[in-house]
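Student: need coordinates for the below:
(one chain, ligands or ions: 2)
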Amino acid sequence: MVEIKLRVNGAEAALDLEPRVSLLDALRERLGLTGTKKGCDQGACGACTVLVDGERINSCLALAVQYEGRDITTIEGIADGDRPHPLQTAFVRNDGLQCGYCTPGQVCSALGMLAEHETGMPSIVTEDVAAESIPLTDAEIRERMSGNLCRCGAYNGIVAAIRETAEGMRR
Ligand code: FES
Ligand code: FES
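Tutor: Ligands and ions are numbered 1, 2, ... in the order given. Here you go, the predicted model:
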């Protein structure tokens, strides 16, 4: 066992953990933050996506002990108190979910993706990688979100929600 401190959604928690415990299991089983979902537990579905220092990661592939001292944000930390994040509202407005199982991962991943796009990071479908500003087309959104699967097939609504939120951020 090792003793670690994790900072999740702004709150610090001390945990005694076996070094092999994944960040996903630490969040869900030890901290009770069950918003982050376990789909495949092997890095293939994106359901477990959380933000670490603003960057998206698959928490099922991460060991909790690696993340001491980092700022971890889960879906429980995305809203501003009782006010949902505009992206969460956009998911509802655009029917970006059905069963909702993939949604926490989609929301965290989309926020990480929008931050990546803001830095000018190109993707495999970017036509002009030297462009000063890369247009966030639907093809870009789909490619950049391709690590997040939705078994309900709510992809059109997910893309629409992300597009709407990105447009709102630019205004
Ligand atoms: S549960 Fe982590 S990628 Fe599927
Ligand atoms: S809404 Fe059901 S898996 Fe995506």
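
Student: where does Ile4 land in three-state SS?
Tutor: Using DSSP: H, G, I helix; E, B strand; the rest coil, the structure places Ile4 in strand.

Student: please look at it and Leu17 and confirm they touch.
Tutor: Yes: in terms of Cβ atoms under 8 Å, Ile4 counts as a neighbour of Leu17; the distance is 6.2 Å. All C-beta atoms are positioned from the backbone trio N, CA, C, and that covers glycine.

Student: need the residues touching each of these two.
Tutor: Taking Cβ atoms under 8 Å, 6 or more residues apart in numbering as the criterion, Ile4 and Leu17 both touch 64-65.

Student: which residue is the nearest non-sequential neighbour of the residue nearest the centre of the chain?
Tutor: The residue lying closest to the centre of the chain (Cα atoms, centre = their mean) is Cys108, at 2.2 Å. Leaving aside its sequence neighbours, Cys108 sits nearest to Thr49 (Cβ to Cβ, 6 or more residues apart in numbering; 4.6 Å).

Student: equivalent analysis for Ala166, please.
Tutor: That would be Leu136: by Cβ to Cβ, 6+ apart, it lies 5.1 Å from Ala166.

Student: now that neighbour: how far from Ser22?
Tutor: Distance, Leu136 to Ser22, using Cβ to Cβ, to the nearest Å: 32 Å.

Student: how about Tyr67?
Tutor: Distance of Tyr67 to Ser22, given as Cβ to Cβ: 10 Å.

Student: okay, domains of the chain per the record?
Tutor: As assigned by automatic domain parsing, the chain contains the domains 2-77, 86-170.

Student: now render those domains as CSV, adding mean pLDDT and distance to ligand 1.
Tutor: Output for the domains of the chain, formatted as CSV (pLDDT from 0 to 100; distance: least, Cβ to the nearest ligand atom, whole Å):
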stretch, mean pLDDT, distance to ligand 1
domain 2-77, 97, 3
domain 86-170, 96, 8
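
Student: closest to ligand 2 out of those?
Tutor: domain 86-170 (3.3 Å; Cβ to the nearest ligand atom).

Student: sec struct for the residue nearest to Tyr155 when sequence neighbours are not counted, please.
Tutor: Leaving aside its chain neighbours, Tyr155 sits nearest to Arg142 (7.4 Å; criterion: Cβ to Cβ, 6+ apart). Under three-state DSSP, the three-state class of Arg142 is helix.

Student: shouldn't Arg142 be in contact with Val159?
Tutor: Yes: in this structure, Arg142 is within contact of Val159 by Cβ under 8 Å, at 6.2 Å.

Student: circling back to that earlier point, neighbours of the residue nearest to Tyr155, just the number please.
Tutor: 15 (other Cβ atoms under 10 Å).
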